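1. next come a sequence and a model predicted from it.
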2 protein chains.
Amino acid sequence: MLKEAIFHRPEGAYAHPAGSRELRVRLRARRGDLIACHLLHGDRYGREEEELRLEKVGSDELFDWFEGVVPSATRRIRYAFYLEGEEGGLWYGERGLSPERGEAGIFQYPYLCEGDRIRVPEWAKDGIVYQIFPDRFCNGDEGNDPVGTEPWDPGARPRSDSFYGGDLQGMIEKLPYLEALGVNVLYLTPIFQSPSNHKYDTTDYYRVDPAFGDAETLKELVRRAHRRGIRVILDAVFNHAGYFFFAFQDVLEKGADSPYADWFFIEGFPVVTEPQPNYETFANGVWNMPKLNTAHPEVRAYLLDVAEYWTREAEIDGWRLDVANEVDHRFWRAFRDRVKGVNPEALIVGEIWHDAGPWLQGDQFDSVMNYLFRDAVLDFFASGKMGPDRFDALLTRSRMLYPEQVTFAMFNLLGSHDTERFLTACGGRLERMRLAVLFQMTYPGMPMIYYGDEVGMTGGTDPDCRRPMVWEEEKQNRELLSFYRRLISLRKELRPLRRGDFRTWLVDPLRNLYGFLRRDGGECVGVLLNNSPQEQEIELDPHPFGGANRLRDALSGKTADAAGRSRLPWRLAPFQGAILAPVE
Amino acid sequence: MLKEAIFHRPEGAYAHPAGSRELRVRLRARRGDLIACHLLHGDRYGREEEELRLEKVGSDELFDWFEGVVPSATRRIRYAFYLEGEEGGLWYGERGLSPERGEAGIFQYPYLCEGDRIRVPEWAKDGIVYQIFPDRFCNGDEGNDPVGTEPWDPGARPRSDSFYGGDLQGMIEKLPYLEALGVNVLYLTPIFQSPSNHKYDTTDYYRVDPAFGDAETLKELVRRAHRRGIRVILDAVFNHAGYFFFAFQDVLEKGADSPYADWFFIEGFPVVTEPQPNYETFANGVWNMPKLNTAHPEVRAYLLDVAEYWTREAEIDGWRLDVANEVDHRFWRAFRDRVKGVNPEALIVGEIWHDAGPWLQGDQFDSVMNYLFRDAVLDFFASGKMGPDRFDALLTRSRMLYPEQVTFAMFNLLGSHDTERFLTACGGRLERMRLAVLFQMTYPGMPMIYYGDEVGMTGGTDPDCRRPMVWEEEKQNRELLSFYRRLISLRKELRPLRRGDFRTWLVDPLRNLYGFLRRDGGECVGVLLNNSPQEQEIELDPHPFGGANRLRDALSGKTADAAGRSRLPWRLAPFQGAILAPVE
């Protein structure tokens, strides 16, 4: 047993509340090292003990992860691991690894406090998200089009300053389309007043941009969406304001005498934008996005009021937080309190492209834009430069970074307004995109569809990924759209795809095959992916489906007799996938 | 290079703000594996990079830790490690270890937010704490003695319900003694109204126990202590209240109809204490300590008001938090905000006996009662069952558990009102206690003296460790007291002992020798400990002292010529230590 590989700490991803009297515990060991991982646990003030055997839940190139849920009537937990290896066992506790239990010491999770529960809205588990870039989705009201609005040409190459006239009324009109597609969460990039088309440079946080409608249109959209079972999430741009934000304008005008001078990070007066802004901005020298000082009590209060106002006023269902990783944790904790105070079912989703552990402990966000998911999917499906072994390793590691609750609430995206479109990343090879979508729709977490992906839209990085939506049916890829609809409806139909745990089932680097199981209570769904350009025959192990007599691929309808077989041949065409479930 | 041993994550102990534009980064590798650990870092939005070589700061049996401070003008940091081993190098980033830099990916510390700075009061670095159990320290006012007060006999064996009449007036009278001893922080166990002698079962959080004095006596104590440069810290018992706390009494009386029924965890009505309490208590069935529901907004508000009230009213310098690990993080974050809002220099110290990482990230506590320190000290000095190698390993690990700031604010204790006294743990062997005290007074963090330890008091676990203080000089161990005074004054004199970093200097398990360096800017102090019953001669390496011509032991006054020598013999008597610093 390789001692240096063993890792546990009674916090975060490795120990977190799973319920009011349950603790989820994880342990990492060298890949292949442990025959069994036992956990001995008891009340911290008592002598009695129970044993729990942890289950291996995943691996990467170096490590295996083990996991289990410790019940505790008193909520006060002490525990130690007994690790069984080929050459004997070791105890593992806070003092380290030892053949002597006393030497190893114990881990403590002192109390499962109600105040520290990880409460992710339950509905997130069933969410299917559709991301809308409002200027480009649908123009429902030509009366509010900005000056210079360009014709709605899905073939157009937008410039960074193009306007196309999309608006909230357009979204209202397209609700039947969205409902038919099957999505149940809309995430809108910013809609508050701003001079740009993307509106990440807010002028007025309290005003819907007139080119998009007004507060009434927003409320109408939310009301009508809710009536169709669709939730609405807005974009909170709190890392920075826009150049025309009243407070920044006051600083520009009055300099150091402005009462708002400390709302920003001003490096000198007078404030200038040329040749370089002498104030801190988003990224490097983006003059129209002055960074907000969220440690300033007035700024905090102002922004928290904004968040509370729209949560209450428009009855929205949550916020996506722009540049969430550059704003202080303190601010986000207060943000969570305020927003959940108004709507405990509101979802809070951070924009974080990297390991988001520090934000996902239950005290700040419920979820993030899951770019780690996208990175893995791009390399496995789109470019094909990664095999199923590495793919599986990256997925496992990204799940093991966070408490389990957030995994089921992740925004699992193939692309966004900030990336090239997925079909473009696939070099236009639709079969690869389809397989990736199949994966996205069967993986734990909320699939997020970037508007237009479902009808085959292409586009390079910003601004090219923001072309006007294709609405003319003859220009839409209707087959792809059907495929999306079919998969969304399967995800809704098969509960394990939404709520089941995840276990790797098949990793075949040689033939580029990947498979996994989603298990929920007694139900099990298996997913197989042939990520190769060859037809492949797989020898399935039907064991995970219990004593099922027949398995059926929910996608193709094909069935196979499983009764009494230990191996079941299953054929997959190139880039084909299957979603297997038992049938009578 | 053992890949499985490499660990870093951009959070907590492994990456935390060291200043407004500085990030402290740590990396763990297998012991002996790395020839060098380089860190390449730059702005997250830029291309330029700088290199920083991390320094090895400590080891345990399995691992080495490397550390460095990354400067960042923009506060937005990306970085990757280049690890140099015997057989070549590897890159290490968020995606893992690889010979290819691109494969390894990067780590990100997105922004050093002002709101997330780790602000531990600067004065803590110079603190020397004296813990007082008020009923047992000094009886300054016999007029307020509780009924049944027993005679002040330091040889007495207190029962769990004994009273001895100690009070705040007594502390006021002994301030000259405390000042002469050299301590500059008093930590008082609870002083608010309660029927017990320990007062961990609060009746009235707003009233000083009449047996101890009143609010005026408290204020007088704080004023007079402050005049002598001594700070005062009180004990906040917020995990549970006392049986006679008004809210609990109301529940006893009115049952489910009490407006306070949800302030506690009541399991059934009527509320009973026999045969077992049908409500949650501290530990198991401690009927007079009903657990408070700190997730309840009214309870939160009540307790936070209490904390704010005394911080403001009595101008105290901080709080020690009882059973801090069983109260929610949410509560403690709010507690910090409220207390620091009144007094930003207040110190917050949790009672946590185990790994306290989750509470020591800058958002909750500044420090904890450092029982990990005590555990190691007991096994090395008192019982001698651990050698200097294991001792050094445990110390290193405990430092590597937390951000650096909190290490300097730890309450490094040898014992407390909750443990047997240290001299008793030493089996009365004073030479062992003296060496441990020497260590305590030269290690990073605040030495905490449990009242009476300095005059040789003994006592087993609670209640025996709570005997009345020995004030008759002929019954005090005056030599030990002088030794304490001498060491405290040396700690004050030699800045590196308070503020210097820590590097292991000598680990000799065969001869039971241990040595370390404290370095502060250009200054260096070396500490040597002979933890054996034999005289030992050490061959010192005077290199860490730069070109010092002579070294002097600040304790014995002995000097030795170091000029031009690479090895310097130094003789230590059994259980003797030395504190070496250069002299002209």
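-> Received it, and whenever you're ready, just let me know what you need. Numbers count the residues shown, from 1 in each chain, chains lettered A, B, ... in the order given.
2. relative to B:Leu97, how far out is whatever residue of the stretch 401-550 of chain A ends up closest to chain B?
-> Nearest residue of the stretch 401-550 of chain A to chain B: A:Leu401, at 8.8 Å (Cβ to the nearest Cβ). (Glycine included, C-beta is placed from N, CA and C.) From A:Leu401 across to B:Leu97, the span is 17 Å (Cβ to Cβ, to the nearest Å).
3. what does the stretch 451-584 of chain A put close to chain B?
-> Taking Cβ under 8 Å from any Cβ of the partner chain, no part of the stretch 451-584 of chain A reaches chain B.
4. which residues in the stretch 451-584 of chain A form strands?
-> A:501-508, A:513-520, A:523-530, A:536-540, A:550-553, A:559-561, A:568-572, A:577-583 (DSSP state E, counting those that start in this stretch).
5. what comes up buried for the shortest one?
-> Read it as strand A:559-561. For strand A:559-561, the neighbour count (16 or more other Cβ atoms under 10 Å in any protein chain shown) marks A:Ala560 as buried.
6. one more: the fourth one?
-> Neighbour-count burial for strand A:536-540 flags A:Gln536, A:Ile538, A:Leu540 (criterion: 16+ other Cβ under 10 Å).
7. contacting residues for the residue located most distally from the centre of chain A?
-> The outermost residue of chain A, judged against the average C-alpha position, is A:Asp257 (43.3 Å), by Cα atoms, centre = their mean. By Cβ atoms under 8 Å, 6 or more residues apart in numbering or on different chains, the contact set of A:Asp257 is empty.
8. what residue in the stretch 151-300 of chain A comes nearest to chain B?
-> Ranked by Cβ to the nearest Cβ, the top residue of the stretch 151-300 of chain A for proximity to chain B is A:Ala295, at 3.9 Å.
9. quick check: A:Leu438 vs A:Leu490, distance?
-> Counting by Cβ to Cβ, the gap from A:Leu438 to A:Leu490 is 9 Å.
10. anything in contact with each of those two?
-> Joint contacts of A:Leu438 and A:Leu490 (Cβ under 8 Å, 6+ apart) are A:Leu555, A:Ile579.
11. who has more neighbours, the two?
-> More crowded of A:Leu438 and A:Leu490, by other Cβ atoms under 10 Å in any protein chain shown: A:Leu438, with 24 against 19.
12. list the beta-bridge partners for the closest residue to that one other than its chain neighbours.
-> Among residues not flanking A:Leu438 along the chain, A:Gly577 sits closest, at 4.3 Å (Cβ to Cβ, 6 or more residues apart in numbering or on different chains). A:Gly577 forms beta bridges with A:Leu529, as assigned by DSSP bridges.
13. from chain B, how far out is A:Gly577?
-> 26 Å (Cβ to the nearest Cβ, to the nearest Å).
14. OK, contacts around A:Ile191?
-> Contacts of A:Ile191 (Cβ under 8 Å, 6+ apart): A:Pro134, A:Leu168, A:Lys199, A:Val208, A:Asp209, A:Phe212, A:Leu218, A:Leu234, A:Asp235.
15. can I take it that the last one is in a strand?
-> Looking back up the chat, that one is A:Asp235. Yes. The assignment for A:Asp235 by DSSP: H, G, I helix; E, B strand; the rest coil puts it in a strand.
16. wait, it sits on A:Leu186?
-> No. Between A:Asp235 and A:Leu186 there is no contact, the gap being 11.3 Å when judged by Cβ atoms under 8 Å.
17. got a list of what the closest residue to chain B within the stretch 51-200 of chain A touches?
-> Here the residue of the stretch 51-200 of chain A nearest chain B is A:Gly115; by Cβ to the nearest Cβ that distance is 3.0 Å. Shown in contact with A:Gly115 (Cβ under 8 Å, 6+ apart): B:Thr294, B:Ala295, B:Asp328, B:His329, B:Arg330, B:Phe331.
18. that one in helix, strand or coil?
-> Under three-state DSSP, A:Gly115 comes out as helix.
19. just the pLDDT for the nearest residue to it once chain neighbours are set aside.
-> Distance criterion Cβ to Cβ, 6+ apart; nearest residue to A:Gly115, sequence neighbours excluded, is B:Asp328 at 3.0 Å. B:Asp328 carries a pLDDT score of 98 in this model.
20. rewinding a little: A:Ser160: which of the contacts of A:Ile191 is nearest?
-> Nearest to A:Ser160 among the contacts of A:Ile191: A:Lys199, at 13.0 Å, using Cβ to Cβ.
21. for A:Phe502, see how far away the closest residue to that closest one other than its chain neighbours is.
-> In this structure, A:Lys199 finds its nearest non-sequential neighbour in A:Pro190, 3.9 Å apart by Cβ to Cβ, 6+ apart. For A:Pro190, the distance to A:Phe502 equals 33 Å [Cβ to Cβ].
22. who in the stretch 101-250 of chain A is up against chain B?
-> Counting by Cβ under 8 Å from any Cβ, the stretch 101-250 of chain A sits next to chain B at A:Phe107, A:Gln108, A:Pro110, A:Tyr111, A:Cys113, A:Glu114, A:Gly115, A:Asp116.
23. most surrounded residue in the residues you listed?
-> A:Phe107 (25 neighbours).
24. so what's A:Met400 up against?
-> Contacts of A:Met400 by Cβ under 8 Å, 6+ apart are A:Ala13, A:Arg26, A:Arg28, A:Gly58, A:Trp65.
25. help me confirm that the last one is found in a strand?
-> So that's A:Trp65. Yes. Under three-state DSSP, A:Trp65 falls within a strand.
26. on that earlier part again, tell me the secondary structure at the residue of the stretch 151-300 of chain A closest to chain B.
-> coil.
27. all strands of the stretch 101-250 of chain A, in order?
-> A:107-109, A:129-132, A:185-188, A:192-193, A:204-208, A:231-236.
28. so can I have CSV of the ones you listed showing mean pLDDT?
-> Shown next, in CSV, are these (pLDDT from 0 to 100):
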stretch, mean pLDDT
strand A:107-109, 98
strand A:129-132, 98
strand A:185-188, 98
strand A:192-193, 98
strand A:204-208, 98
strand A:231-236, 98
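29. those into CSV, with extra columns for distance to A:His354?
-> Listed next are the strands of the stretch 101-250 of chain A as CSV, based on distance: least, Cβ to Cβ, whole Å:
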stretch, distance to A:His354
strand A:107-109, 27
strand A:129-132, 20
strand A:185-188, 20
strand A:192-193, 27
strand A:204-208, 27
strand A:231-236, 20
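30. which one of those strands lies closest to B:Trp91?
-> That would be strand A:107-109 among those, by Cβ to Cβ, at 32.4 Å.
31. what's the closest one packed up against?
-> strand A:77-85 (3 or more Cβ pairs under 8 Å, 6 or more residues apart in numbering or on different chains; DSSP states H and E).
32. tell me the strands beside the strand it packs on, with direction?
-> strand A:34-43 (antiparallel), strand A:88-93 (antiparallel), strand A:107-109 (antiparallel).
33. switch the ones you listed over to TSV; also include distance to B:Arg336.
-> Formatted as TSV, the strands paired with strand A:77-85 follow (distance: least, Cβ to Cβ, whole Å):
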stretch	distance to B:Arg336
strand A:34-43	29
strand A:88-93	30
strand A:107-109	22
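34. just name the most buried of these.
-> Of those, the one with the most neighbours on average (mean count of other Cβ atoms under 10 Å in any protein chain shown) is strand A:107-109, at a mean of 23.
35. pull out the buried residues from stretch A:251-267.
-> Across stretch A:251-267, burial judged by 16+ other Cβ under 10 Å covers A:Val251, A:Leu252, A:Ser258, A:Tyr260, A:Ala261, A:Asp262, A:Trp263, A:Phe264, A:Ile266.
36. and these, which two are furthest apart?
-> Farthest pair in the buried residues of stretch A:251-267, by Cβ to Cβ: A:Leu252 and A:Asp262, 14.7 Å.
37. ramachandran angles for A:Glu535?
-> phi -70, psi 140 (degrees, to the nearest 10).
38. thank you kindly, that will do.
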